Every structure is written in C-alpha cells, then in structure tokens.
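[1] I need the structure of the sequence given here:
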Amino acid sequence: CCFLVGFELGGALREYGNGDTGLSKDHVIWSRVPRGWETYSRAKIRNYYKCRARDKDQKKPLPSLEDWQLMRKTFIETVDSKAIFDDPVPPTEGYTLNEQGAQPYYAKFSKGKGRGLFASRDIKKGELIHDGRRSDVVFPNALAWKRYIFSLPRDLACDTTSWNWTQRNQKGKLEIRSSINIAILMNSGKSGERNVQPKTKRSKQFIAIRDIAKDEEILYDYAVYETNWKEVGL
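    Residues are numbered from 1 along each chain as shown. Below you'll find the predicted structure:
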C-alpha cells in the first residue's frame, strides 16, 4: 500500500523543528504516500486523502504562519531549490504589492464560503489590487506538483489541491500555479457579487471592476482561467 517518505519521496521520516525554520519542536510530519504516486491524477490524489470531507468543513482555521512556512520550505525542497521567500510582509498578511506596501485585503472567515479575503480599505474602480507576478509560484510539471503535495500533511495537501489552478502564460503554455500566502484564499462569486477580475485571461494582475467598500469580500470568477488538469498531466 504505502511507505514512509522524505522530501525526495524515497527516505524515511521527514521532520521539522529544532532547526532554522521557525517551526515548533512538536511540528513533526509523517508523510505516507501510495506506491505508484507518480502516476496519480489530481482526482486520485484527492480521493486518496479523502479531501471532500476537508472541503466541506466550513470551520477550518486560517493557515497559520507555521503552515505557510512549512509550505514554502516544502516548495524549496521538492520543487525549486532556488526559490526565495524574503518578502517583509508575512504570508499571513499577504505580500508586497507595490511601493505603498501590502495588497489592500486581509483574510478572515466568509459566511458560506469558509476562508476568504476582504478589503482592508475602500478600493476605487480600476485600482490594481492583486499582482500574481509578485505572489505566485509556478510548478514546472505535474511530477513536481505531486512531489510537493505528497510531502505535505494531509490537511494542507487537500487545501493545496483545491487552491491551485491552471492558467496559460503569455506564450500559451498551460501552467500549474499557486500562491503561498493569503492571496490564495480569494473566493469565486456569482455574477452580481464579483468585484475584481484579471486584466485578461492570461494576466496575473487583478483590478477592481467597481468601487469596493472597506471590509467587503473580494470575489472574482474562477472560470476566467482555463482549467484543464489533464493537459498539465494531472
């Protein structure tokens, strides 16, 4: 069935703590993955971890600083050893949008949606409120994404399979993307609720499509980006 793995999915115990990660001593991750994990689709991974139950839990806490640190460390270890996460804005608060500082939203619970993002001030129509060029990470291929997912504890693995998306870059290649900060918590809304959208279907920059009041939830349309897990090998 399964075997214990390290971050290269070939070792034994993967342990965090007592090092320079900022994680607590009791934060120890035992990762178990199925044999043949390399061939798993996204749907099969979600079924393996029984993610549907996690998705339905409307009382999931917001990711802690420790959670974000773990995900970033895992990304460096399993996907891109040269990745640098040195933004002075902590991931629990977002990222540096521009010279004025962090993006104009914060994370909290959204009724009926779970975790979401809300305007931290009044936002004017046409204003840039999110820039994925400063926030996103890209997975080079499906194998790297699966290695990353199977190196996370179950709850974070399920959350990540829900959060990540596919999007075409400017050259037309469909990529697997994510954000390892609160930007990933932006929810989708109905047509009358949406208040932000990317400039184009390939853009990583989101603008306000109407005035947004302070503390109003930030919502866009998930369908604006092409979702095709099979094309990216998942």
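
[2] burial count for residue 204?
    As a burial measure, residue 204 scores 18 neighbours (other CB atoms under 10 Å). Backbone N, C-alpha and C define where each C-beta goes, glycine included.

[3] any idea how far the closest residue to it other than its chain neighbours lies from residue 223?
    Spatially, and ignoring its direct neighbours in sequence, residue 204 is nearest to residue 132 (3.1 Å; CB to CB, 6 or more residues apart in numbering). Plainly put, residue 132 is 17 Å away from residue 223 if you go by CB to CB, to the nearest Å.

[4] next, residue 112: phi, psi?
    phi 80, psi -10 (degrees, to the nearest 10).

[5] need phi/psi at the closest residue to it other than its chain neighbours.
    Once flanking residues are discounted, residue 112 sits nearest to residue 58: 7.7 Å by CB to CB, 6+ apart. Residue 58 adopts backbone torsions of phi -80, psi 0, taken as degrees, to the nearest 10.

[6] quick check: the gap between residue 58 and residue 115.
    Separation of residue 58 from residue 115 (CB to CB) stands at 9 Å.

[7] of those two, who's got more company?
    Neighbours of residue 58 and residue 115, each counted by other CB under 10 Å, are more numerous for residue 115; the result is 19 against 12.

[8] bridging residues for that one?
    Taking DSSP bridges as the rule, residue 115 bridges to residue 109.

[9] what of residue 123?
    Counting by DSSP bridges, residue 123 forms beta bridges with residue 212.

[10] against residue 61, how distant is the closest residue to residue 218 other than its chain neighbours?
    Counting by CB to CB, 6+ apart, residue 218 lies nearest to residue 117, which is 4.5 Å off, once chain neighbours are set aside. According to CB to CB, residue 117 and residue 61 sit 16 Å apart.

[11] neighbour-wise, which of these two wins?
    Shown here are residue 117 and residue 61; by other CB under 10 Å, residue 117 has more neighbours (25 against 10).

[12] please enumerate the helices of this protein.
    Using DSSP state H, the helices assigned to the chain run over residues 42-48, 51-56, 65-78, 132-135, 142-149, 154-163.

[13] mind listing residues that contact the shortest one?
    In other words, helix 132-135. 94-97, 103, 177, 179, 181, 183, 204-206 (CB atoms under 8 Å, 6 or more residues apart in numbering).

[14] remind me which residues of this structure are low pLDDT?
    Low-confidence segments of the chain (pLDDT under 70): 1-32.

[15] and residue 95, what is it in contact with?
    Neighbouring residues of residue 95 by CB under 8 Å, 6+ apart: 87, 89, 102-103, 134-135, 179, 181, 183.

[16] what would those residues look like in a markdown table with neighbour count and distance to residue 216?
    Formatted as a markdown table, the contacts of residue 95 follow (neighbours: other CB atoms under 10 Å; distance: CB to CB, whole Å):
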| residue | neighbour count | distance to residue 216 |
| --- | --- | --- |
| 87 | 15 | 25 |
| 89 | 15 | 22 |
| 102 | 19 | 18 |
| 103 | 26 | 15 |
| 134 | 18 | 23 |
| 135 | 23 | 21 |
| 179 | 21 | 21 |
| 181 | 27 | 21 |
| 183 | 25 | 17 |
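
[17] how close does residue 146 get to residue 185?
    For residue 146, the distance to residue 185 - CB to CB - is 23 Å.

[18] could I get the buried residue list for stretch 179-189?
    179-187, 189 (16 or more other CB atoms under 10 Å).

[19] got phi/psi on residue 170?
    Backbone torsions for residue 170, taken as degrees, to the nearest 10, come to phi -70, psi -20.
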